[in-house]
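Trainee: Requesting a structural model of the entry that follows:
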Amino acid sequence: MGRLRALGYSGAVSLAVFVYLALPTLRELYGPVVNVPIYALVAIVAGGATWAVLTDSGESRERRPAVDVGNDEEESEDVDEELARLREDL
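Mentor: Reported below is the predicted structural model:
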């Protein structure tokens, strides 16, 4: 899925650059009505980018553990040993 997403983004960027550079010429040829499909394209790209960001952040939160738990038994044994040493010192 990573290659397909990269291809989609690069295609969207290429199309955006083309539209940005060609917009003055297209306005001369067709008038201000050219802006309507451009606005629709920008809205679709913005929605797609929002969806991609929100789904990526949700997936990364699910994959990543909230706290690094480690091995509790070893830690509790270490604490018990340390407490025993402290009691002996008293």
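
Trainee: Show me the strands in the protein, by range?
Mentor: Counting by DSSP state E, the chain forms no strands at all.

Trainee: For it, give me the ranges with low pLDDT.
Mentor: Scanning the chain for pLDDT under 70 picks out the ranges 1, 57-76.

Trainee: Helices along this protein, start to end?
Mentor: Using DSSP state H, the helices of the chain run over residues 2-30, 35-63, 72-89.

Trainee: Could I get those in CSV, plus columns for mean neighbour count?
Mentor: C-beta: built from backbone N, CA, C; applies to glycine. CSV is the format used below for those (neighbours: other C-beta atoms under 10 Å):
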stretch, mean neighbour count
helix 2-30, 11
helix 35-63, 11
helix 72-89, 9
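
Trainee: Spit out the contact partners of Gly8.
Mentor: Neighbour list for Gly8: Gly48 [criterion: C-beta atoms under 8 Å, 6 or more residues apart in numbering].

Trainee: I'd like to know how far it sits from Arg87.
Mentor: Computed as C-beta to C-beta, to the nearest Å, the Gly8 to Arg87 distance reads 65 Å.

Trainee: Equivalent analysis for Glu77, please.
Mentor: 16 Å.

Trainee: Same check on Leu15?
Mentor: Applying C-beta to C-beta, the value for Leu15 to Arg87 is 73 Å.

Trainee: cool, and Ile44?
Mentor: Applying C-beta to C-beta to Ile44 and Arg87 gives a distance of 69 Å.

Trainee: Point to the residue nearest the middle of this protein.
Mentor: Val53 (3.8 Å; C-alpha atoms, centre = their mean).

Trainee: Would you mind measuring from that one to Gly47?
Mentor: Val53 is 11 Å from Gly47, where distance means C-beta to C-beta.

Trainee: so how far is stretch 37-47 off the chain centroid?
Mentor: 20 Å (C-alpha atoms, centre = their mean, to the nearest Å).

Trainee: Export that stretch to PDB, keeping only CA atoms.
Mentor: Output in PDB follows, covering the C-alpha atoms of stretch 37-47 (Å, rounded to 0.1, in the frame of the first residue of the first chain):
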ATOM      1  CA  PRO A  37     -13.200  22.200 -11.200                       C
ATOM      2  CA  ILE A  38     -10.000  23.400  -9.600                       C
ATOM      3  CA  TYR A  39     -11.800  24.100  -6.300                       C
ATOM      4  CA  ALA A  40     -13.400  20.700  -6.500                       C
ATOM      5  CA  LEU A  41      -9.900  19.100  -7.000                       C
ATOM      6  CA  VAL A  42      -8.500  21.000  -4.100                       C
ATOM      7  CA  ALA A  43     -11.300  19.900  -1.800                       C
ATOM      8  CA  ILE A  44     -10.800  16.300  -2.800                       C
ATOM      9  CA  VAL A  45      -7.100  16.400  -2.200                       C
ATOM     10  CA  ALA A  46      -7.600  18.100   1.100                       C
ATOM     11  CA  GLY A  47     -10.100  15.500   2.200                       C
END
